[in-house]
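> Need a 3D model of the following:
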Amino acid sequence: MRILFASHRDALGGFLEILRKEFPQHSFQSSGRFAGFDSLEGFDVLIPRRSLIDRNALKTANRLRLIQQCGAGIENIDVQAARAMNIWVANVESDISGNADSVAEIGVYLMIGLSRDFRNMKFSVSSRRIGTPQGRALRGKTVGIIGLGGIGCSLVRRLKGFEVDIIGIKRRNQRQAQEELGLNWVGTPDQIKELLRLSDYVVLCLPLTAENTGMIGRQAFDVMKPEAFLINLSRGGLVDRDALQDALASGKIAGAGLDVFWKEPPDPHDPIFQYNVLATPHIGGVTDISIQGITNVVIENIRRLEKGQKPLYLKE
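The predicted structure follows:
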């Protein structure tokens, strides 16, 4: 089989080389760029990463059998078009691979970095100042988590030891989630404004859809506390970039922690980084544990394809 990895060959901590060693009988090719490829002609498997897989891209496929995402996100894949061509589409859910735990950890890192004033810490070290800046403790603060799937639940477990009050938004089974996770309150998507009003930290842990694109915009920032922080662990498109910059510049919120962006990779000269923004380069799920978990699933699905078996975790 010929397998196309639509990214740099060294992306995801050497993920491609692990696959090569596992399947020496197959041919692996990297597209050599952050996302995208020239053609799908001649390939049996596509690992798309962040590439757009629409009908035009699929027209170049003459023998493709599987689109295997190496993570949870499939928002860039036209699943219906692929299925119409008898191409399977599979992903690796975050709670299966260990990815959710890793992303939750980066969420805690962003929360603490903002709370302890990371920008002024750097200044204090460079200017030989000790004992400053004064930070904020997490204890007693309210964390509002929008999206209580794998990442959201993992974040809840990690935050329990910080003695914070945790509230959340979930699309369905709100009462069950509240009881099982021990949260103070769980609301419906229609109650997001209530969560925004109460939270010292607003954490986005939900997938990007056509319905929620730009959901955190000017109206949301108008509701949030001026001392609140926004943490985005999901997809950049959930947040209106211009509205966020205006909110930071005007002091409507205190800062933002971003592991995802509107355009990736982000422009390092984007003026939004002049404000109180703690940014990480979309590495929430890039850890030893999550890469191994993702690799295990991808290996299993390639083996299943070899045997003519149905892959795991298919999307319809």
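
> all helices in this protein, in order from the N-terminus.
Per DSSP state H, the chain carries helices over the ranges 11-22, 55-58, 79-84, 94-97, 99-115, 118-126, 150-159, 174-181, 192-198, 218-223, 241-250, 288-306.

> and I253, what does it touch?
221, 224-226, 228-230, 247 (C-beta atoms under 8 Å, 6 or more residues apart in numbering). From N, CA and C alone the C-beta is placed, and that goes for glycine too.

> Any chance you could list what contacts the helix or strand of the chain with the lowest mean pLDDT?
For the chain, the helix or strand with the lowest mean confidence is helix 94-97, at a mean of 80 (criterion: mean pLDDT, DSSP states H and E). Contact partners of helix 94-97, identified using C-beta under 8 Å, 6+ apart, comprise 71-72, 100, 103, 149-151, 153-154, 285, 290, 293-294, 296-297, 313.

> Out of those, the closest to M85 would be?
Nearest to M85 among the contacts of helix 94-97, counting by C-beta to C-beta, is Y313 at 19.4 Å.

> Next, the contact list for the residue lying closest to the closest one once chain neighbours are set aside, please.
Spatial nearest neighbour of Y313, chain neighbours left out: A90 (5.0 Å); criterion: C-beta to C-beta, 6 or more residues apart in numbering. Applying C-beta under 8 Å, 6+ apart, we find A90 in contact with 66-69, 301, 311-315.

> List buried members of those residues by neighbour count.
Applying 16 or more other C-beta atoms under 10 Å to the contacts of A90, the neighbour count classes 66-69, 301, 311, 313 as buried.

> and the gap between the residue nearest to V103 when sequence neighbours are not counted and V92?
Computed as C-beta to C-beta, 6+ apart, the closest residue to V103 that is not its neighbour in sequence is G284, at 3.7 Å. Using C-beta to C-beta, to the nearest Å, G284 is found at 14 Å from V92.

> could you dump the contacts of I253 to a markdown table with pLDDT, distance to S115 and neighbour count?
Listed next are the contacts of I253 as a markdown table, based on pLDDT from 0 to 100; distance: C-beta to C-beta, whole Å; neighbours: other C-beta atoms under 10 Å:
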| residue | pLDDT | distance to S115 | neighbour count |
| --- | --- | --- | --- |
| F221 | 98 | 19 | 23 |
| M224 | 98 | 16 | 24 |
| K225 | 98 | 14 | 17 |
| P226 | 98 | 15 | 11 |
| A228 | 98 | 11 | 24 |
| F229 | 98 | 8 | 26 |
| L230 | 98 | 13 | 27 |
| A247 | 98 | 18 | 27 |
